[in-house]
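here's a sequence, model it:
(chains A and B)
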Number of protein chains: 2
Amino acid sequence: MPELRKDPLIGRWVIIATERAKRPVDFLAAHEEPSPETTCPFCQGREGETAAEIFAVRDGGSAANRPGWKVRVVPNIKPVLRVEGQLNRRAKGMYDLMDGIGAHEVIVETPEHVANAADLSVEQLHASFHAAMTRMADLEQDPRFRYVLWFKNYGATAGAGRIQHSRSQLIATPVTPLRVKEELLGTRRYFEDKERCLVCDLLDQERQAKTRVVIESSHLIALCPFASRFPFELWIVPKRHSCDFGKMQPAELADLAHVSKQVLSRLKSVLDDPPYNALLHTAPFRRPRGRSAKWKTIEDDYHWHIELIPRLTRVAGFEWGSGFYINPTPPEESAKYLREAVEETEAPVHVETK
Amino acid sequence: MPELRKDPLIGRWVIIATERAKRPVDFLAAHEEPSPETTCPFCQGREGETAAEIFAVRDGGSAANRPGWKVRVVPNIKPVLRVEGQLNRRAKGMYDLMDGIGAHEVIVETPEHVANAADLSVEQLHASFHAAMTRMADLEQDPRFRYVLWFKNYGATAGAGRIQHSRSQLIATPVTPLRVKEELLGTRRYFEDKERCLVCDLLDQERQAKTRVVIESSHLIALCPFASRFPFELWIVPKRHSCDFGKMQPAELADLAHVSKQVLSRLKSVLDDPPYNALLHTAPFRRPRGRSAKWKTIEDDYHWHIELIPRLTRVAGFEWGSGFYINPTPPEESAKYLREAVEETEAPVHVETK
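Residues are numbered from 1 along each chain as shown, chains lettered A, B, ... in the order given. Got it, this is the predicted structure:
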């Protein structure tokens, strides 16, 4: 059973593998070869090579774990957290730990062997986000879980591993991750001061300034944030205030698929198919116990968004030590390149005229 | 002038390059070739290829910017922050920013072309740490600076760049970095509760448990922390309570050089010369203004330490999104490998018998 251990200095939780732990020799030969197409377990026709599906978007009448699907959700074959068991929260002297309980699922975003989500149709992206919403709603029913992180790794540098088949992942955790807590705290403080949502205010300012906005559609804004950590970092933010990705309305979901296609295509075109990570920040499932008075405003003060991070620069000692990032490309320039890339992409642009 | 921009959600500062910003094409050809030895600007005899030295440990009688040095400190030729000017703190609507003022220095740790600090003599390491202390004390005199981060990148994966010559770096910043603030906050809370230093308590527990201790010398403990984020992550912590690296006593400094040599040699031997980052966490120079009551105990509650991070695993979407790390090697196993490596290293072991 993996362990969750809490850093006593800053409260960061770390998942420690305790079985089949990696030894020094395992780190020596880290050269990864792309897997040949014939062995991809995520392609249509090889449903038997994954664990049984948890959810799928399928053509009418097709059977589970058989061809005929658009999007398929399966348990991760090497889960970082285990779904069976209780948390078993405990102390070890001054340290806090619990068992590594959670869920780890893979959303296979296409039956074809396509590597980059930028090359998927808007329809496939729509089905993928729908699958994520469905699975997150289901995982929320499990009282052991506090948060589900949706994320995507594309390209070896971004941690995608050997299999080049477009997919995203869900990890349900029994604690709210530190980065999410920091955002919850920052937005709560702002709300307590102004009784307005920080991100709503930020969107107002960005729409006026225009310099960092890449796309404004009916329901969403894609922008390069003012304090971008990385070149071409991009956030997709809903215009309607909402703390919860899972509460998206059908028109917003459809728009998210369109805007994602646009944004991913432009990143691919401008940066020549870069590796990237994408991740969702949304409100945690449950408010921490005993702090209800402080957290009651989460519906008002938090605002979900997706962060897209092309992996173009190395993170070195300075960034690790300081939490201070060095970004060699101002977000205004990144946004300008991404706005101008529109001519080169083929998909229709879905921009609100105003 | 680079800009420092503050992330409005969590208060993280980011350095944004505004001149000679990187364009998309700059990220396309990132293949790095090791520089041939003949072009290394840090080797003895090529002092003219760096900026004029700020400080050096020299043989008696040798002139500045000439051969005859053991360790030499020069300004970074591509500084991420500029030393000239005022901070010019200002708002841009709801955003906070200031000019990218700071200092960025390189500590060249040997006159010979040696890449890994593990291969330096204890004497060279001693002179390097002495140079760092001297420069940090000098930078503290500058009222614009709040913190100096000492760090070291070894190997291309760890961000060392093209030149394979052992060196560390100092970056003085006009704000206290977020990661340091988090530790200050965590240790302060603990002190307010118990009136004891968290790290002192942690060392007591580790010395009893022994499982995560790699070396205990007269003045220092090298250990793999309980909630290690990375395989073979290792901290060097002084046994005497002190918030300030710069206040090390001569015997502690000498011991640090010995223990560093041991630890770096063992990492090199166990992991076959891995890339790594090292970084120092020490108390900031000045307490944030207007919060003196809260910060008055910093001498009591903070405890400096060096973190060593071998770069063996990839950080992907999950880690970025959550601040939650997955460590495939329990620190107890990492510590065991590093303890047992002692037989293979040649330098004398400097362990207190107790």
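
got a pLDDT number for the residue of the stretch 201-350 of chain A found nearest chain B?
Distances between the stretch 201-350 of chain A and chain B by C-beta to the nearest C-beta are smallest at A:A316, namely 2.6 Å. All C-beta spots, glycine's among them, are computed from the backbone N, C-alpha and C. Confidence at A:A316, expressed as pLDDT, is 73.

cool, A:R20 as well?
66.

can you report how many residues neighbour the residue lying closest to the residue of the stretch 201-350 of chain A closest to chain B once chain neighbours are set aside?
What sits nearest to A:A316 in space, not counting adjacent residues and going by C-beta to C-beta, 6 or more residues apart in numbering or on different chains, is B:G159, at 2.6 Å. Residues within reach of B:G159, counting by other C-beta atoms under 10 Å in any protein chain shown, total 20.

got a list of what B:G159 touches?
A:R314, A:V315, A:A316, A:G317, B:N153, B:N277 (C-beta atoms under 8 Å, 6 or more residues apart in numbering or on different chains).

from those residues, which single one is nearest A:A137?
Nearest to A:A137, judged by C-beta to C-beta, of the contacts of B:G159 is A:V315 at 33.8 Å.

all helices of chain A, in order?
A:122-140, A:178-194, A:198-209, A:250-271, A:292-295, A:298-301, A:317-322, A:331-340 (DSSP state H).

show the contacting residues for the residue lying farthest from the centre of chain A.
In terms of distance from the mean C-alpha position of chain A, A:G93 ranks first, at 35.0 Å (C-alpha atoms, centre = their mean). Residues in contact with A:G93 (C-beta under 8 Å, 6+ apart) are B:Q205, B:A209.

look up how far B:T176 lies from the residue nearest the centre of chain A.
Nearest residue to the geometric centre of chain A (C-alpha atoms, centre = their mean): A:L279, 2.1 Å. A:L279 is 27 Å from B:T176, where distance means C-beta to C-beta, to the nearest Å.

what's opposite A:L149 in the beta bridge?
Under the criterion DSSP bridges, A:L149 forms beta bridges with A:I171.

so what's it up against?
Taking C-beta under 8 Å, 6+ apart, we find A:L149 in contact with A:L170, A:I171, A:T173, A:P177, A:L279, A:L280, B:F318, B:G321, B:S322, B:F324.

just to check, the last one is in contact with B:F318?
Yes. The pair B:F324 / B:F318 is scored as a contact, 6.9 Å apart, by C-beta atoms under 8 Å.

what about the strands in the stretch 1-150 of chain A?
Here the stretch 1-150 of chain A has its strands, by DSSP state E, counting those that start in this stretch, at A:3-6, A:13-16, A:55-58, A:69-75, A:90-92, A:95-99, A:103-108, A:147-154.

let's have the ones you listed in TSV, adding distance to B:L202 and mean pLDDT.
Converted to TSV, the strands of the stretch 1-150 of chain A look like this (distance: least, C-beta to C-beta, whole Å; pLDDT from 0 to 100):
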stretch	distance to B:L202	mean pLDDT
strand A:3-6	12	84
strand A:13-16	15	81
strand A:55-58	44	96
strand A:69-75	37	97
strand A:90-92	12	91
strand A:95-99	9	92
strand A:103-108	31	97
strand A:147-154	27	94
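
what about stretch A:121-134, average pLDDT?
Confidence over stretch A:121-134 (mean pLDDT, whole number) is 98.

which parts of that stretch are buried?
For stretch A:121-134, a neighbour-count test (16 or more other C-beta atoms under 10 Å in any protein chain shown) marks A:V122, A:Q124, A:L125, A:H126, A:A127, A:S128, A:F129, A:H130, A:A131, A:A132, A:M133, A:T134 as buried.

also stretch A:151-160?
A:F151, A:K152, A:N153, A:Y154, A:G155, A:T157, A:A158, A:G159, A:A160.

and A:E19, what does it touch?
Residues near A:E19 by C-beta under 8 Å, 6+ apart: A:M1, A:P2.

if we use 6 Å, what do you get?
By C-beta atoms under 6 Å, 6 or more residues apart in numbering or on different chains, A:E19 lies in contact with nothing.

which bits of the stretch 201-350 of chain A sit near chain B?
By the rule C-beta under 6 Å from any C-beta of the partner chain, the part of the stretch 201-350 of chain A lying against chain B is A:201, A:205, A:226-227, A:229, A:270-272, A:277, A:279, A:312, A:314, A:316-318, A:320-330, A:333, A:337.

nearest to chain B: which residue in the stretch 101-250 of chain A?
A:G159 (2.6 Å).

read off the pLDDT value for that residue.
A:G159 carries a pLDDT value of 83.

list the buried residues of stretch A:187-200.
Buried-residue list, stretch A:187-200, by 16+ other C-beta under 10 Å: A:T187, A:R188, A:Y190, A:F191, A:C197, A:L198, A:V199.

make JSON lines out of those residues and add pLDDT and distance to chain B.
JSON lines is the format used below for these (pLDDT from 0 to 100; distance: C-beta to the nearest C-beta, whole Å):
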{"residue": "A:T187", "pLDDT": "91", "distance to chain B": "6"}
{"residue": "A:R188", "pLDDT": "89", "distance to chain B": "11"}
{"residue": "A:Y190", "pLDDT": "92", "distance to chain B": "8"}
{"residue": "A:F191", "pLDDT": "90", "distance to chain B": "12"}
{"residue": "A:C197", "pLDDT": "93", "distance to chain B": "11"}
{"residue": "A:L198", "pLDDT": "94", "distance to chain B": "6"}
{"residue": "A:V199", "pLDDT": "95", "distance to chain B": "8"}
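
residues contacting A:H281?
A:H305.

out of the strands of the stretch 1-150 of chain A, which is closest to A:M248?
So among the strands of the stretch 1-150 of chain A, strand A:147-154 is nearest, using C-beta to C-beta, at 12.5 Å.

returning to what we had before: in a markdown table: the contacts of A:L149, plus distance to B:H104.
A markdown table is the format used below for the contacts of A:L149 (distance: C-beta to C-beta, whole Å):
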| residue | distance to B:H104 |
| --- | --- |
| A:L170 | 41 |
| A:I171 | 37 |
| A:T173 | 38 |
| A:P177 | 32 |
| A:L279 | 31 |
| A:L280 | 35 |
| B:F318 | 32 |
| B:G321 | 30 |
| B:S322 | 31 |
| B:F324 | 31 |
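
low-confidence regions, the stretch 251-354 of chain A specifically.
A:286-298, A:317, A:320-321, A:343-354 (pLDDT under 70).

and for A:A283, the neighbour number?
Using other C-beta under 10 Å, A:A283 has 24 other residues around it.

confirm for me that it is in contact with A:S242.
No. Counting by C-beta atoms under 6 Å, A:A283 does not reach A:S242; the two are 8.9 Å apart.

sorry, back to before: for the helices of chain A, which one ends up most surrounded?
Ranked by mean neighbour count, the helices of chain A are led by helix A:317-322 with a mean of 24 (mean count of other C-beta atoms under 10 Å in any protein chain shown).
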